Each structure stands twice: as C-alpha cells, then as structure tokens.
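Chemist: Sequence and predicted model, in that order:
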Amino acid sequence: MSHWSQIMFQDAATPIMSMLIAFHDHAMLVIIMVLTFVSYAMISLSVNKYTCRNVYEAQSIETIWTIMPAFILLFLALPSLQLLYLTDEIVEPGITVKAIGHQWYWSYEYTDFYSIEFDSYMVNVNDLAEGHFRLLEVDNRVILPMNVEVRMLVSAADVIHSWTVPALGVKADAIPGRLNQLTFTIRRPGVFYGQCSEICGANHSFMPIAIEAIDTNTFISWVKSFKEG
C-alpha cells in the first residue's frame, strides 16, 4: 500500500546518492526561505497603507534585490559544482560490468570474467513470486559486491536507452555505437530497482533493471557457481 513517505527519494545505497539527497534538502531550504521573504515583502508593501511610496523606487532596495540573488546563486552553485565533479570522477574500478540495451531488455557482460554474460528480461505478472514487484522484477538480476568500486559501461544495440537506478544515484544514456561509463560503490546489501528512462519504443516501460548487492565472499561463490553452471 502506498504511503506519504514514498513521495521522496528512495533510501540511498551509495555515497553519491546520499550527497544528492543532502543537496536537495539544502536547495529546498534556500527556496523556502526566499519564498517566505518575498511573499512577506509583497504582502506588506501591497496591504500596508502606511508604507512610504518612495520604497517602491528606493535605490537601496533595488541594490539589495540585485545583490541578494547573486549571493543565493553562489550559495547553491558551490556545493552543486562539487557534487557534479564527484559524479563524473572515474576511479580505478574493482569490477567492470557492461550493460547493453535492446528492444526491450538488457544484457550484461562481466568483462573481468570470460564466461559471465546473460540477458535480463522482465518477469511476467502471472509469474511473479510473493514479494516481487510488478514491472520491476527480472529473471536475471545483476549481482554486485558491496564496498567495491563498480564501473558500469553502458551502450545499446538498436535505439537510445537509459540505464537508471535511483537508489544508486546513477543514470547513463545507452547510445548505439557509443560507450558511456559511470562508477558507484554500494554501501549496503539489498535489491535495487530501476527502469529505462528513455522513451525507446512500444515496450519502453517493460525493461526494468534489478541489482542485487551482496558481500564479497558470497559474490566470489556466485562467480564460481556461474562458471560451473
């Protein structure tokens, strides 16, 4: 059942997403303060009949409302530029996975291992197990280790797709003939869902993404079992 807390962001699973949420709260606080001040000023100047008419043309007032927005923009720009730099920073990855968008499913290749590649299709509503989410569950999840820097290479085989997982704070366009990349580090175990966020055709809404984060030892066991299988 839906509840009010679902109108906000998903719980962050990466440091970048935590910083994005913090910046959102920072920006919303500034917006609320500006809205409150401007509303109070407009109402007081419009309603109060004792206000001096010279206020409307005072040079000091015009100077204030010209300089203050510049400081407010700086107050927002400095943390946003720092966050933008961190989202684009590429470090030495511990594991590399390639995601390829198709109409309408994803395929994955673990480039550090020769034999690990698979397709990931959405599970039909009639085949969902208890606790699975409609339009989000897939037959083959992407298994990734926690606390390891992951590099995701994103491309497409036909049209433009977009590989997006909100809880991880990542989004990259999958463009045919082009290889985009992004990095992230998952800090907690769990299953994190996303969807293609580029309108890529009739079944655009039926190509979800499911990532399962596990500890390193379990991931090594999964890799061994995948090769043996």
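Modeler: Looks like it arrived, so ask away. Keep in mind the model is a prediction, meaning the values are calculated, not measured. Residues are numbered from 1 along each chain as shown.

Chemist: From now on I want contacts and neighbour counts done on CA atoms only, so please keep to that.
Modeler: Fine.

Chemist: I'd like to know how far residue 35 sits from residue 88.
Modeler: To residue 88, residue 35 is 32 Å away according to Cα to Cα, to the nearest Å.

Chemist: repeat for residue 33
Modeler: 31 Å.

Chemist: For residue 190, see how far away the closest residue to residue 9 other than its chain neighbours is.
Modeler: Leaving aside its sequence neighbours, residue 9 sits nearest to residue 21 (Cα to Cα, 6 or more residues apart in numbering; 7.4 Å). From residue 21 across to residue 190, the span is 19 Å (Cα to Cα).

Chemist: With neighbour numbers in mind, choose between the two.
Modeler: Here residue 21 and residue 190 are set side by side on neighbour count (other Cα atoms under 10 Å), and the busier one is residue 21, at 17 against 13.

Chemist: tell me the domain boundaries of this protein?
Modeler: 12-88, 95-228 (automatic domain parsing).

Chemist: any idea how far the helix ranked longest in the chain is from the chain center?
Modeler: Criterion DSSP state H: the longest helix present in the chain is helix 15-47. Distance of helix 15-47 from its chain centroid, counting by Cα atoms, centre = their mean, to the nearest Å, is 22 Å.

Chemist: can you pull the buried residues of the helix or strand that that helix is followed by?
Modeler: Per DSSP states H and E, helix 15-47 leads on to helix 59-88 as the next helix or strand towards the C-terminus. By neighbour count on 16 or more other Cα atoms under 10 Å, the buried set for helix 59-88 is 80, 83, 87.

Chemist: which secondary structure elements does the helix or strand following helix 59-88 contact?
Modeler: Sequence-wise, the next helix or strand downstream of helix 59-88 (DSSP H and E) is strand 95-102. Judged by 3 or more Cα pairs under 8 Å, 6 or more residues apart in numbering; DSSP states H and E, strand 95-102 is in contact with strand 105-110, strand 149-156, strand 161-165.

Chemist: Show me what whichever helix or strand comes after the first one is packed up against.
Modeler: Past strand 105-110, heading to the C-terminal end, the next element that is a helix or strand (DSSP H and E) is strand 117-120. Contacting strand 117-120 under the criterion 3+ Cα pairs under 8 Å, 6+ apart are the following elements: strand 105-110.

Chemist: if I pick the residue nearest in space to the middle of the chain, what's in contact with it?
Modeler: Nearest to the mean C-alpha position of the chain, counting by Cα atoms, centre = their mean, stands residue 169 at 3.0 Å. Residues in contact with residue 169 (Cα atoms under 8 Å, 6 or more residues apart in numbering) are 12, 14, 16-17, 20.
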